[in-house]
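>>> Structure here, sequence nowhere to be found:
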């Protein structure tokens, strides 16, 4: 009987001095409140780091989209310039351009060239 009482007291003392906490599938043994606070602090740090990483990833994704858009815009401008130059040359070859029309075409081609240069600088 004396052994049973001693055994009972020992098990009660061990369980009262420490606790087990299950967090995210891991079991922690807590001996005092400092360990609990440290665990909470570590959890907050991990959450903060995760949010920061997500924010950085979002920012990188946004920058990539912007670069792709600029590249697409540049290619589109180049195609427009090439098409305008070809049309101008074709009309000029056939002799269907008056001096006024020729000036308009040259102005249009000059503006398109400026736009292509501007798009290239943005890249």
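Yep, it's here. Here the structure is a predicted model, which means the values were calculated and not measured. Numbers count the residues shown, from 1 in each chain.

>>> alpha carbons only for contacts and neighbour counts from here, please
Noted.

>>> For the lengthiest helix in the chain, name the packing helices and strands.
Longest helix of the chain, by residue count under DSSP state H: helix 33-94. Helices and strands touching helix 33-94, by 3 or more CA pairs under 8 Å, 6 or more residues apart in numbering; DSSP states H and E, are helix 99-122.

>>> what residues does the helix it packs on touch?
With contacts defined as CA atoms under 8 Å, 6 or more residues apart in numbering, helix 99-122 is touched by 70, 73-74, 77-78, 80-81, 84-85, 88, 92.

>>> Just give me how far the longest helix of the chain sits from the chain centre.
7 Å (CA atoms, centre = their mean, to the nearest Å).

>>> List buried residues within the contacts of helix 99-122.
70, 74, 77-78, 80-81, 84-85, 88 (16 or more other CA atoms under 10 Å).

>>> can you put these in JSON lines and add distance to residue 3?
Output for the buried ones among the contacts of helix 99-122, formatted as JSON lines (distance: CA to CA, whole Å):
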{"residue": "70", "distance to residue 3": "82"}
{"residue": "74", "distance to residue 3": "88"}
{"residue": "77", "distance to residue 3": "92"}
{"residue": "78", "distance to residue 3": "93"}
{"residue": "80", "distance to residue 3": "96"}
{"residue": "81", "distance to residue 3": "98"}
{"residue": "84", "distance to residue 3": "102"}
{"residue": "85", "distance to residue 3": "104"}
{"residue": "88", "distance to residue 3": "108"}
